[in-house]
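Asker: the following comprises the amino acid sequence and a computationally predicted model.
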Amino acid sequence: MKRSTFLKSSTAAVAGMGLFANFSTATSLYKVSSITEKSKKITILHTNDTHSHIEPIVGGRNDGRGGVARRAALVNQIRKENPNTLLLDCGDIFQGTPYFNFYGGELEIKLMSMMGYDAATIGNHDFDNGIDGLYKQLPHANFDFVISNYDFKNTILDGHTLENKIVTLDGIKIGMFGLGIELDGLVNKTNYKETKYLDPIDIATDQARILKEEKGCDLVICMSHLGYSYKSDTVSDVSLAAATSNIDVIIGGHTHTFLEKPELILNKEGKNVVVNQVGCYGMYLGRIDLYLNETDINNQAGTVYNL
Amino acid sequence: MAFCYNFPLKTDRKLGVYLAFAKALFLITLLTSCNSNTNVHLDTVDYKRIEINDSLAQEDSIAQFIAPYGAKINQEMNRVLCYNPKSMHKNDTPLNTALGNMLCEIIVEQVNPVVKSRLDTNIDVVLLNHGGIRAPLPAGEVTTKRAYEIMPFENEVVVAQLNKAQMEQLIKYIVDRERAHPFSGMKISLNADSSLNNVSINDQPLTEKIYYVATSDYLYNGGDSMNFFNNTTVTKTDYKIRNAMIDYFKKVDTLKFESDNRFTKAN
Ligand SMILES: [Zn+2]
């Protein structure tokens, strides 16, 4: 795959030619932002691998970082700024502090509900108390678990997760789907039971097409717990981005990768995919602001990535 | 991008029902092939990574909601369970340690009754891994918190049934690694060149029989490359290692563990 360092758009050049933008990134070479009062702004906030870190971390190199009460205040403040905000989590909500050992994930899920999470996908550690342990906490969730490549048909979770989810904010239709990692070898079979793992690239190809083409979503977001990237050919967020189309943003987890900013990966059609991950333990909140314009049908202007 | 435009909806009565039907059909075709997204364009993407730290205010209602959960944990974590006279660290001694030996002893003591009821036999050997010990046990009062520090994982004790050949693989693993992987029920001595000098299992030579080896589900499932467990019959005990520790600490007054001669090497 190729990582794009400049705007990839054949026709965008016309729009911004001759105007040198004041952005630091090379992405603006051919196009400048045309954000106007009519533009619509969607904010995606995301976490991953929070691992039961409810209180700020005490001691060690991350001393003082994280904390759910602070995250909640931050999210509320951003929501006040922009009500068209989605709050998403990419899995491994469970395991990592005694809060999980004592309460089995109940508090984690209750707090996510209180913070107003819109959706989460499922990480391998979310099976740590077995699929029954996860099921037990579902009544505390007022958000959806979105996971597309686990077939739960013969398990207790059957019918309790979504394959995809569509939300409309300010008239912008946003489609989301979720991808989980292969559980075999990572989680005891006695914990995940009859959960079937389906090929993430096949499923993502399908889901993204359904969301964008059939359901007419303006944006497609993939919530992944596959891991950011691997030296081996194990499927990752980066390889997934390159191997698919119709996905605008991949937010990920599992590898506890601390990206300072998202990576732009060219998809199968040569279009940019924003790929991001924010480490672990709730030490960071990722904030992606997407500005959308209504344009006439023939306008194929590119996108400016201020990353 | 799908082709999309507004269908002219001027009616023409003369053409009657047939045309209306055709129009409806055309409309349906258009509606299904032409989606509303085609004229919304992603213009700009901004990103900001926000560190959660003490520069941020906290949401009081959330903090208050958490507080009682935290208080209960702290109370339990700080509960004194027993006394440890001497600090124990997993690297105190080279081939076996007081801390590792303690963990094996705890498993025998706490889990054997379960094994007895489920398999009608006793644990012959316990095998854990050195890397799985995540913290030392300082001298002084032993609180619940210490058990969580030493064993933060949810690993459970399982009992695998190994034949003689598989036991030989297990012993080879220990000999090859020459590391303080905690074990009990065996005595292994190495020659000065690191080759195996002698091995006995519960004071008996290795024979053709089934050995019941207690380990963690993590190791049984291939953790730390303990491949000798592959395809062996296994029995769950549903007993977490950490819980075995906590239960044991509650039962005893003072810990008395030492490194010993279970795994030695000639000078
Ligand atoms: Zn994780």
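Answerer: Arrived safely, thanks for sending.

Asker: in stretch A:72-87, what's buried?
Answerer: A:72-75, A:78-79, A:84-87 (16 or more other C-beta atoms under 10 Å in any protein chain shown). Just so you know, the C-beta spots here come from the backbone N, C-alpha and C atoms, and that holds for glycine as well.

Asker: no wait, stretch A:133-153
Answerer: A:133-134, A:136-137, A:141, A:143-150, A:152.

Asker: and the end-to-end length of it?
Answerer: End-to-end distance of stretch A:133-153: 17 Å, with C-alpha to C-alpha, to the nearest Å as the criterion.

Asker: how far does it sit from the chain's center?
Answerer: 16 Å (C-alpha atoms, centre = their mean, to the nearest Å).

Asker: and that stretch, does that touch chain B?
Answerer: No - applying C-beta under 8 Å from any C-beta of the partner chain, one finds stretch A:133-153 separated from chain B by no less than 10.0 Å.

Asker: quick one: distance of stretch B:248-256 to the chain centre.
Answerer: How far stretch B:248-256 lies from its chain's middle: 25 Å, per C-alpha atoms, centre = their mean.

Asker: ditto for stretch B:133-148
Answerer: In this view, stretch B:133-148 has its centroid 18 Å away from the chain centroid, taken as C-alpha atoms, centre = their mean.

Asker: check the average confidence over that stretch, would you?
Answerer: In this model, stretch B:133-148 carries a mean pLDDT of 95.

Asker: which residues touch it?
Answerer: A:98, A:101, B:76-90, B:99-100, B:102-103, B:149-153, B:182, B:242, B:245-246, B:249, B:255 (C-beta atoms under 8 Å, 6 or more residues apart in numbering or on different chains).

Asker: ramachandran angles for residue 133?
Answerer: Unless you meant another one, I'm taking chain A. Note on residue A:133: backbone dihedrals following degrees, to the nearest 10 are phi -70, psi -40.

Asker: oops, I was thinking of chain B
Answerer: When read as degrees, to the nearest 10, the backbone of residue B:133 gives phi -90, psi 110.

Asker: is chain B contacted by stretch A:211-230?
Answerer: Yes - Stretch A:211-230 comes into contact with chain B (C-beta under 8 Å from any C-beta), by way of A:212-213, A:215-219.

Asker: for that stretch, list every residue counted as buried.
Answerer: Within stretch A:211-230, the residues scored as buried using 16+ other C-beta under 10 Å are A:211-212, A:216-229.

Asker: same check, this time on stretch A:261-281
Answerer: So, applying 16+ other C-beta under 10 Å, buried residues of stretch A:261-281: A:262-267, A:271-281.

Asker: and what of stretch A:175-190?
Answerer: A:175-183, A:187-188.

Asker: identify all contacting residues around the longest strand along chain B.
Answerer: Ranked by residue count and defined by DSSP state E, the top strand of chain B is strand B:40-51. Under the contact criterion C-beta under 8 Å, 6+ apart, strand B:40-51 has outside partners A:33-35, A:39-40, A:65, A:74, A:172, A:218-219, A:248, A:259-262, A:274, A:276, A:278, A:283-295, A:299, A:301, A:303-307.

Asker: keep only those of these that are in strands.
Answerer: Members of these lying in strands (criterion: DSSP E): A:40, A:172, A:219, A:274, A:276, A:284-294, A:304-306.

Asker: what subset of these is buried?
Answerer: A:40, A:172, A:219, A:274, A:276, A:284-293, A:304-306.

Asker: could I get the full set of strands for chain B?
Answerer: Counting by DSSP E, the strands of chain B are B:40-51, B:80-84, B:125-127, B:140-143, B:156-162, B:183-184, B:186-190, B:196-201, B:211-216, B:233-240, B:263-265.

Asker: got those strands as JSON lines, with distance to residue B:119 columns?
Answerer: Compiled in JSON lines, those are given as follows (distance: least, C-beta to C-beta, whole Å):
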{"stretch": "strand B:40-51", "distance to residue B:119": "52"}
{"stretch": "strand B:80-84", "distance to residue B:119": "29"}
{"stretch": "strand B:125-127", "distance to residue B:119": "14"}
{"stretch": "strand B:140-143", "distance to residue B:119": "31"}
{"stretch": "strand B:156-162", "distance to residue B:119": "7"}
{"stretch": "strand B:183-184", "distance to residue B:119": "18"}
{"stretch": "strand B:186-190", "distance to residue B:119": "19"}
{"stretch": "strand B:196-201", "distance to residue B:119": "17"}
{"stretch": "strand B:211-216", "distance to residue B:119": "7"}
{"stretch": "strand B:233-240", "distance to residue B:119": "6"}
{"stretch": "strand B:263-265", "distance to residue B:119": "26"}
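
Asker: in CSV, list those along with mean neighbour count and distance to residue B:174.
Answerer: Converted to CSV, these look like this (neighbours: other C-beta atoms under 10 Å in any protein chain shown; distance: least, C-beta to C-beta, whole Å):
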stretch, mean neighbour count, distance to residue B:174
strand B:40-51, 19, 45
strand B:80-84, 16, 27
strand B:125-127, 25, 8
strand B:140-143, 17, 28
strand B:156-162, 23, 13
strand B:183-184, 25, 7
strand B:186-190, 19, 6
strand B:196-201, 15, 9
strand B:211-216, 25, 12
strand B:233-240, 16, 20
strand B:263-265, 20, 7
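
Asker: who's in contact with the closest residue to residue A:199 other than its chain neighbours?
Answerer: Distance criterion C-beta to C-beta, 6 or more residues apart in numbering or on different chains; nearest residue to residue A:199, sequence neighbours excluded, is residue A:149 at 7.0 Å. When contacts are counted by C-beta under 8 Å, 6+ apart, residue A:149 is found next to A:178-180, A:197-200, A:203-204.

Asker: residue nearest the centroid of chain A?
Answerer: With distances taken as C-alpha atoms, centre = their mean, the residue of chain A nearest its centroid is residue A:251 (2.9 Å).

Asker: which residues does the residue lying closest to residue B:183 once chain neighbours are set aside contact?
Answerer: The shortest distance from residue B:183 to any non-neighbouring residue, by C-beta to C-beta, 6+ apart, is to residue B:127 (4.8 Å). Residues counted as contacts of residue B:127 (C-beta under 8 Å, 6+ apart) are B:170, B:174, B:181-183, B:213-215, B:219, B:226.

Asker: one more: residue B:255?
Answerer: Counting by C-beta under 8 Å, 6+ apart, residue B:255 touches B:82-85, B:102, B:137, B:142, B:249.

Asker: before we move on, what about residue B:202?
Answerer: Taking C-beta under 8 Å, 6+ apart as the contact definition, residue B:202 lies against B:124, B:185-186.

Asker: how about the contacts made by residue 180?
Answerer: Assuming you mean chain A. Counted by C-beta under 8 Å, 6+ apart, residue A:180 has contacts A:91, A:121-124, A:147, A:149-150, A:197, A:200, A:225-226.

Asker: to clarify, I was referring to chain B.
Answerer: Contacts of residue B:180 were listed using C-beta under 8 Å, 6+ apart, and they are B:90-91, B:93-97, B:100, B:130, B:263.

Asker: ok, and the most crowded of those residues?
Answerer: For the contacts of residue B:180, the largest neighbour count, defined by other C-beta atoms under 10 Å in any protein chain shown, is 29 neighbours, found at residue B:100.

Asker: the nearest residue to that one once chain neighbours are set aside - how many residues pack around it?
Answerer: The shortest distance from residue B:100 to any non-neighbouring residue, by C-beta to C-beta, 6+ apart, is to residue B:182 (3.1 Å). The burial metric for residue B:182, expressed as a neighbour count using other C-beta under 10 Å, is 24.

Asker: please apply the same query to residue B:103.
Answerer: Applying other C-beta under 10 Å, I find that residue B:103 has 24 neighbouring residues.

Asker: if we ignore the residues flanking it in sequence, what's nearest it?
Answerer: In space, not counting the residues next to it along the chain, residue B:103 is nearest to residue B:182; the distance is 5.3 Å by C-beta to C-beta, 6+ apart.

Asker: ok, now how distant is whichever residue of the stretch 1-150 of chain B sits closest to the ion from residue B:267?
Answerer: For the stretch 1-150 of chain B and the ion, the shortest gap (C-beta to the ion) falls at residue B:134, measuring 16.4 Å. Distance, residue B:134 to residue B:267, by C-beta to C-beta, to the nearest Å: 32 Å.
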